[in-house]
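Visitor: here is the input, now give the coordinates:
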Amino acid sequence: MRNLLITAAISILLLACTDKTTTPGEPAADLVAGKSLAEANCAGCHDLSGRGAAPGIPHLAAQLETYLLESLRAYREGKRFHAALQDMTAHMSAEEIRNVAAYYASLAPLEGTARADGPETALSPYQQGEAAAQACGVCHGADGNSEIPGTPSLAGQQPLYFVAAVRAYLSGARNFSTMEHSLRGLSNIDVQNMALYYASQAPTKREAPAAGDPVAGEPLSAQCGGCHGAHGVSHDAATPSLAGQDALYLVVATKAYRDHTRHHDVMLAESSDREIENIAAFYAVQESRAAEDGRTSAQQLIDKCDRCHGSTVDNASMAIPKLAGQDQEYLARALRAYRDDRRESSMMHKMTLPYSDTLIETVASSYANRPAR
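Guide: As a prediction, the model looks like this:
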């Protein structure tokens, strides 16, 4: 979830960017025949106007013919998976596929696809996470820097670790009734947004705690550094940073792992209470850093997508789909399929692999909010 959190990649009905597939000199497609085919086979889901009949169904009107051709051929050849589309295309000739693709490509862009809020006012996952985190500020600090002994700071924390910890509270794997009550009702997207928000906050530097010796704790921390990073600054989104963390919290948590009331096979099983206090003191005074930059990552990702799918791109000769005004749920579903390697495109898989659901939803929302073109 590097660049979580957060902020997805791009496109969306898509295959990869491939050269135009029609042959020079080939006769023009028959739009009348294409309309008849669409009425008989496609209109139930995509209407004759090319508008998806329900959320999650893509709009086809004014889509690039080259892209529609590539998509339909991919279903027929089993490179994309959708039972109804695979069955339908299996019974269509190459000419019929070309005609129906040309028909939908010939339609005018749909009106009314952009939502009223528009992309300019749509909240980023960072902003949504900030709003969702307000209830946590009483204990963990307004920006995630806790000032209550025994209460962990969340500022700068690794996002995947944050999400895993929240799920542990909700599942009962971590037993803390106050946390469980506070987190009830949050969706998976809410939790990911909060993770991005907290990961983007700057941790404050702490004074040495009253208990424990930071100097004595430094050599004892060698075993921890293999996972948690030099001086407790983690570079793994699933492994928590310990630098700048509340010392009492670290002591209580580490003893819980050692005593098997929390479960982790390699967590200082033979350390004494004094050694744990020294290690906690060492990490508490280390300078940490924000794990993410959620304030800019979503827009940076959208800017990257626009290089191929933006309104100023001339992609008429390439099988690159138009995304503006597309159904938001469909865009998000397609991006997740590329990320999870359930839709064939090595380029799209690599591009979307680092991105969380919340960043994917942001990209999908941005394109869905744009007027169709």
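
Visitor: what's the local residue count around residue 290?
Guide: Residue crowding around residue 290 was assessed by other C-beta atoms under 10 Å; the count is 17. All C-beta spots, glycine's among them, are computed from the backbone N, C-alpha and C.

Visitor: correction: the previous question concerned residue 215.
Guide: Residue 215 is flanked by 11 other residues according to other C-beta under 10 Å.

Visitor: so what's it closest to, chain neighbours aside?
Guide: Of all residues beyond its chain neighbours, the one nearest residue 215 is residue 282 (7.7 Å), with distances taken as C-beta to C-beta, 6 or more residues apart in numbering.

Visitor: what's the next secondary structure element after the helix or strand hosting that neighbour?
Guide: Here residue 282 sits within helix 273-284, counting by DSSP states H and E. Using DSSP H and E, the helix or strand that follows helix 273-284 in sequence is helix 294-309.

Visitor: ok, then the element right after the helix or strand of the chain with the lowest mean pLDDT?
Guide: Using mean pLDDT, DSSP states H and E, helix 118-121 stands out as the lowest-scoring helix or strand of the chain, at a mean of 46. Downstream of helix 118-121, the first helix or strand assigned by DSSP H and E is helix 125-132.

Visitor: got the CA coordinates for that following helix in CSV?
Guide: Only the C-alpha atoms of helix 125-132 are listed here, as CSV (Å, rounded to 0.1, in the frame of the first residue of the first chain):
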residue,chain,number,x,y,z
PRO,A,125,-9.0,10.3,0.7
TYR,A,126,-6.7,12.4,2.8
GLN,A,127,-9.5,14.8,3.5
GLN,A,128,-11.9,12.0,4.1
GLY,A,129,-9.5,10.4,6.5
GLU,A,130,-9.0,13.6,8.4
ALA,A,131,-12.8,13.9,8.9
ALA,A,132,-13.1,10.2,10.0
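
Visitor: where in the stretch 251-373 of the chain is pLDDT low?
Guide: The stretch 251-373 of the chain contains residues with pLDDT under 70 at 264-267, 313-318, 345-346, 349-354.

Visitor: still on that earlier bit, for burial, what's the neighbour tally of the residue nearest to residue 215?
Guide: The tally of other residues near residue 282 (other C-beta under 10 Å) stands at 27.

Visitor: equivalent analysis for residue 186, please.
Guide: Per other C-beta under 10 Å, the neighbour tally for residue 186 reads 16.

Visitor: can you classify it by secondary structure?
Guide: coil (DSSP: H, G, I helix; E, B strand; the rest coil).

Visitor: distance check, it against residue 284.
Guide: 29 Å (C-beta to C-beta, to the nearest Å).

Visitor: I'd say the residue nearest to residue 215 and residue 219 touch.
Guide: No - taking contacts as C-beta atoms under 8 Å, residue 282 lies outside contact range of residue 219: 9.1 Å.

Visitor: gap between residue 108 and residue 62?
Guide: Using C-beta to C-beta, one gets 6 Å for the distance from residue 108 to residue 62.

Visitor: neighbour-wise, which of those two wins?
Guide: Using other C-beta under 10 Å as the criterion, residue 108 and residue 62 rank with residue 62 on top: 18 against 10.

Visitor: element containing that one?
Guide: Assigned by DSSP H and E, residue 62 belongs to no helix or strand.

Visitor: give the contact list for it.
Guide: By C-beta atoms under 8 Å, 6 or more residues apart in numbering, the contact set of residue 62 is 50, 105, 107-110, 322, 372-373.

Visitor: could you redo the last one with a cut-off of 6 Å?
Guide: By C-beta atoms under 6 Å, 6 or more residues apart in numbering, the contact set of residue 62 is 107, 109.

Visitor: show me the shaky parts of the stretch 101-250 of the chain.
Guide: 114-123.

Visitor: which stretches of it form helices?
Guide: Secondary structure of the stretch 101-250 of the chain (DSSP state H, counting those that start in this stretch): helices at 118-121, 125-132, 137-140, 159-171, 177-183, 188-199, 214-220, 222-228, 247-258.

Visitor: point out the most buried one among these.
Guide: Highest mean neighbour count of the helices of the stretch 101-250 of the chain: helix 188-199, a mean of 27 (counted as mean count of other C-beta atoms under 10 Å).

Visitor: domain parsing for this structure?
Guide: According to automatic domain parsing, the chain comprises the domains 31-117+295-368, 125-284.

Visitor: quick one: the longest one to chain centroid distance?
Guide: Relative to the mean C-alpha coordinate of its chain, domain 31-117+295-368 is positioned 19 Å out (C-alpha atoms, centre = their mean, to the nearest Å).

Visitor: same question for the last one.
Guide: A distance of 22 Å separates the centroid of the chain from that of domain 125-284, by C-alpha atoms, centre = their mean.

Visitor: ok, back up a step: Provide a list of residues in contact with the residue nearest to residue 215.
Guide: Contact analysis of residue 282 by C-beta under 6 Å, 6+ apart lists 214, 217-218, 221.

Visitor: wait, residue 59 sits on residue 52?
Guide: Yes - using C-beta atoms under 6 Å, residue 59 is in contact with residue 52, at 5.1 Å.

Visitor: quick one: which of the two has more around it?
Guide: Neighbour count, other C-beta under 10 Å: between residue 59 and residue 52, residue 59 has more, with 25 against 20.

Visitor: now do that one, the pLDDT please.
Guide: Note for residue 59: predicted pLDDT of 97.

Visitor: so how far is residue 180 from it?
Guide: 42 Å.

Visitor: just residue 67 next, same as before
Guide: According to C-beta to C-beta, residue 67 and residue 180 sit 47 Å apart.

Visitor: give me the residues contacting stretch 37-48.
Guide: 53, 57, 60, 88, 96, 100, 103.

Visitor: what about residue 61, neighbour count?
Guide: Neighbour count of residue 61, defined by other C-beta under 10 Å: 23.

Visitor: shouldn't it be in contact with residue 68?
Guide: No - assessed by C-beta under 6 Å, residue 61 is found out of contact with residue 68, at 10.7 Å.
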